[in-house]
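Peer 1: how would this look folded up:
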Amino acid sequence: MEHNCRDYEKTKSDIENYGLTVIIVRGTDYLPSFAYSIGLWQKFKHPEVICIGLNTKTLHTIINDVADLVKDGELIVAAVDYENIFDKLRARFLDVNQGNFSGYFGTAIDFYNSFQFPALQLVWPDKHNILPWEEDFEEDLVFCQPLLDRNMKFKFMEAKNLGCFTTRQWLELNSSILRVIHDTNGDWQFLTGDQLQEDARLVALEQLTLRDLRLNEVFDLDYGEEAHREFIGDPWTRRKVVDQE
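Peer 2: Coordinates of the predicted model:
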C-alpha cells in the first residue's frame, strides 16, 4: 500500500493555512482504506488522528470534523464515548501504540522526521452501535478496522488460527523464514528458501509470529505480493510475486 505523495512544502503550507493536512491511503481488495492528520500535533499540541476502514470520502470528512473540534479547543481523549462525530452512533478513541506507526503513519514520520508524536485512532461502531471489542459486534466487520492500541505481537488482518504454509526446516530445524508470499487467492506462504515440495507443512499463522515477531513487518503484503530478507533483522524487500512454489 503506497502513501499519497505529498511535497513537504505543500504539507507545511496546509498546516499553516488550515491547521492540518489529511493523508488518505486507498484500500485494496485485501487492505482497508485509512486516513490520518498531519499538523494537529505541530499546530495545537494535540495527538494526530487516524481512522480506518470507511470509504475515503467519509474518512476525509471525519478527520476534518475531529480537527474542527480540536481547533475549537476540545481535547480529544481515549476511552470516552463521543456522540458528536457519527450521526446517532457513538465513537471511541484509542491511543495508538508507537509500534504501529511505521505501518500507518509513513508520511507523518517523514514530515516530523521522528516517531515522537502522539496519535489517536477514531474507532467506529457497527450499525447496532456496538464497538469492535464488545460482545456481538458484527462478525463481517471484525477485520475491517485493526485496533492500533493492541495486538502488537500479531498484526495480521486474519484470524490467529488461519492455516498457512511453511516448511519442515522451519518447523523441525528452527530455520529462519526468509521469504513470505501472499498469494492472489489469499493463502500465505512462509518459506526458508531451502525447501522442496515435500517439505511443505501447514501451521497456524500465530505459530509463526510467536517465534519471529518481525514477521509482523509484512502484515500488509497485498494479494500477489511477496517479501524477502537475508536474515532475521534484515530489512524486507517487497515485490510482486514472480513465481509460485
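
Peer 1: Could you use CA atoms for every contact and neighbour count after this?
Peer 2: Noted.

Peer 1: Next up, identify which helix or strand Ile50 is on.
Peer 2: strand 48-52 (DSSP states H and E).

Peer 1: Repeat that for Asn17.
Peer 2: helix 8-18.

Peer 1: What residues sit buried inside that helix?
Peer 2: Buried residues in helix 8-18, counted by 16 or more other C-alpha atoms under 10 Å: 11-12, 14-15.

Peer 1: swap in stretch 139-156?
Peer 2: For stretch 139-156, a neighbour-count test (16+ other C-alpha under 10 Å) marks 142-149, 154-156 as buried.

Peer 1: same check, this time on stretch 59-74
Peer 2: Judged by neighbour count using 16+ other C-alpha under 10 Å, the buried positions of stretch 59-74 are 59-60, 62-64, 66-67, 70-71.

Peer 1: for the record, mean pLDDT for the helix holding Asn17?
Peer 2: Averaged across helix 8-18, the pLDDT comes to 91.

Peer 1: repeat for stretch 179-197
Peer 2: pLDDT averaged over stretch 179-197 gives 96.

Peer 1: for stretch 46-65, same thing?
Peer 2: 97.

Peer 1: I figured Gly224 hits Val180, correct?
Peer 2: No - using C-alpha atoms under 8 Å, Gly224 is not in contact with Val180, being 10.9 Å away.

Peer 1: and the two? which has more neighbours close in?
Peer 2: Legend: neighbour count by other C-alpha atoms under 10 Å for Gly224 and Val180, higher for Val180 (25 against 18).

Peer 1: any idea where the helices of the protein begin and end?
Peer 2: In the chain, the helices defined using DSSP state H lie at 8-18, 40-44, 56-71, 101-104, 106-112, 168-173, 205-211.

Peer 1: mind checking which of these is nearest Phe231?
Peer 2: helix 168-173 (13.4 Å; C-alpha to C-alpha).

Peer 1: sorry, back to before: reformat the buried residues of stretch 59-74 as TSV; add distance to Ile232.
Peer 2: What follows is the buried residues of stretch 59-74, written out as TSV (distance: C-alpha to C-alpha, whole Å):
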residue	distance to Ile232
Leu59	36
His60	38
Ile62	39
Ile63	37
Asn64	40
Val66	40
Ala67	40
Val70	42
Lys71	45
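
Peer 1: so where do the strands sit in this protein?
Peer 2: 21-25, 34-38, 48-52, 81-86, 89-95, 119-123, 163-167, 179-182, 188-191, 200-204, 225-228, 237-240 (DSSP state E).

Peer 1: Could you tell me the angle between the longest one and strand 119-123?
Peer 2: Same thing as strand 89-95. When axes from the mean of the first three to the mean of the last three C-alpha atoms, to 10 degrees is applied, the directions of strand 89-95 and strand 119-123 differ by 150 degrees.

Peer 1: The first one now?
Peer 2: Taking the same axes, to 10 degrees, strand 21-25 and strand 119-123 form an angle of 60 degrees between their directions.

Peer 1: model confidence over strand 21-25, on average?
Peer 2: Strand 21-25 comes out at a mean pLDDT of 96.

Peer 1: name the helices or strands packed onto it?
Peer 2: helix 8-18, strand 34-38, helix 56-71 (3 or more C-alpha pairs under 8 Å, 6 or more residues apart in numbering; DSSP states H and E).

Peer 1: who wins for proximity to Asn113 among the ones you listed?
Peer 2: Among the helices and strands packed on strand 21-25, the nearest to Asn113 by C-alpha to C-alpha is helix 8-18 (11.1 Å).
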